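[1] here is a sequence with its predicted model. Questions after.
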Amino acid sequence: MSYSGEHTGAPETVWRAAMGQTLPIALGYVPVGMAYGVLAGKAGLGALNVLAMSLLVYAGSAQLVAVGLFAAGASGLSIVITTLAVNLRHVLFSAAMAPLLSGWRKRELAAFSFELTDESFALHAARFGRGDTDKARTLSINLLAQASWVLGTALGVIVGDALGDGRAFALDFALPGMFVALLAGQLKGLSHVAAALAGAAFSLVAALHGASGFGTLAAGLAGAACGTAVAAWTDR
């Protein structure tokens, strides 16, 4: 299979390749999306609003945070500010991806950015690193990933009454489990390991002190700095 920044193959070939690469993400998104659908329904949101959030917002952890705040009676402004803080890590994503997407048109960048998540970012970073920059495949992966999240949300809405509290089934464990699998495939040297460990340590400290939003951004920067420092030291 040839790799380039343009479409390289028949549509069915592109979709098959995209489905194969998206499958690990989908296996995590469906159960976590179900957990979100169940919890959002229990918080008092109507089915259409629950689905609309997955279609228009599409930010897994931020959606779960927003639902929790809504259930607690928080104001709309506080929900917006909190979810903004939770999603600040996308600043790091954009800094990492921008050089790789320099030839894309603005409407393509908008479509890519709207559907970019933590998991798809990790997948694309690994793909681009090995030269797989096919534009059609990239956008197809994002679309399939969101479709799996929306499917999980719909299932959660449908079976919410039967499941009760979705957390009792540990559906939310699928997301960190998927992150571990994605991370393991990218640890290719001492600097990568150092960045992962430092980022994890800073993130845990931030979470313990109630700063999970801004703390995640700081942990990402600290991990990147640590990895860079280790790479510079080993290259001497």
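    Received, thanks.
[2] now for the helix ranked longest in the chain, which elements pack on it?
    Counting by DSSP state H, the longest helix found in the chain is helix 11-42. Packing partners of helix 11-42 (3 or more C-beta pairs under 8 Å, 6 or more residues apart in numbering; DSSP states H and E): helix 47-56, helix 60-71, helix 118-129, helix 135-163, helix 174-184. Placement of C-beta: from N, CA and C, glycine included.
[3] in a markdown table: these, plus distance to A17.
    Below are the helices and strands packed on helix 11-42 laid out as a markdown table (distance: least, C-beta to C-beta, whole Å):
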| stretch | distance to A17 |
| --- | --- |
| helix 47-56 | 25 |
| helix 60-71 | 24 |
| helix 118-129 | 10 |
| helix 135-163 | 6 |
| helix 174-184 | 18 |
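[4] and the lowest mean pLDDT element among the helices and strands of this protein?
    helix 174-184 (a mean of 60; mean pLDDT, DSSP states H and E).
[5] can you put the helices and strands packed on helix 11-42 in JSON lines and add mean neighbour count?
    What follows is the helices and strands packed on helix 11-42, written out as JSON lines (neighbours: other C-beta atoms under 10 Å):
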{"stretch": "helix 47-56", "mean neighbour count": "16"}
{"stretch": "helix 60-71", "mean neighbour count": "19"}
{"stretch": "helix 118-129", "mean neighbour count": "19"}
{"stretch": "helix 135-163", "mean neighbour count": "20"}
{"stretch": "helix 174-184", "mean neighbour count": "15"}
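[6] ok, which of these comes nearest A224?
    With C-beta to C-beta as the criterion, A224 lies closest to helix 118-129 of the helices and strands packed on helix 11-42, at 12.5 Å.
[7] can I get that closest one in CSV? Just the C-alpha atoms.
    Output in CSV follows, covering the C-alpha atoms of helix 118-129 (Å, rounded to 0.1, in the frame of the first residue of the first chain):
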residue,chain,number,x,y,z
ASP,A,118,-7.1,11.8,22.4
GLU,A,119,-7.3,8.4,20.9
SER,A,120,-7.4,9.4,17.3
PHE,A,121,-4.5,11.8,17.9
ALA,A,122,-2.4,8.9,19.2
LEU,A,123,-3.4,6.8,16.2
HIS,A,124,-2.6,9.5,13.7
ALA,A,125,0.7,10.4,15.3
ALA,A,126,1.8,6.8,14.9
ARG,A,127,0.5,6.6,11.3
PHE,A,128,2.1,9.8,10.2
GLY,A,129,5.4,8.7,11.9
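[8] and A225, how many neighbours?
    By other C-beta atoms under 10 Å, the residues close to A225 number 13.
[9] for it, which residues are in contact?
    A198 (C-beta atoms under 8 Å, 6 or more residues apart in numbering).
[10] that one and S191, how far apart?
    11 Å (C-beta to C-beta, to the nearest Å).
[11] related to what we said a few turns ago, in the longest helix of the chain, what's buried?
    Judged by neighbour count (16 or more other C-beta atoms under 10 Å), helix 11-42 contains these buried residues: 14-15, 17-18, 21-22, 25-26, 28-42.
[12] low-confidence ranges in this structure?
    For the chain, residues meeting the criterion pLDDT under 70 lie at 1-9, 161-186, 211-217.
[13] walk me through the domains of it.
    For the chain, automatic domain parsing gives the domain ranges 11-186, 188-236.
[14] L190 against T234, yeah?
    Yes: taking C-beta atoms under 8 Å as the definition, L190 is a contact partner of T234 at 5.9 Å.
[15] cheers, nothing more for now.
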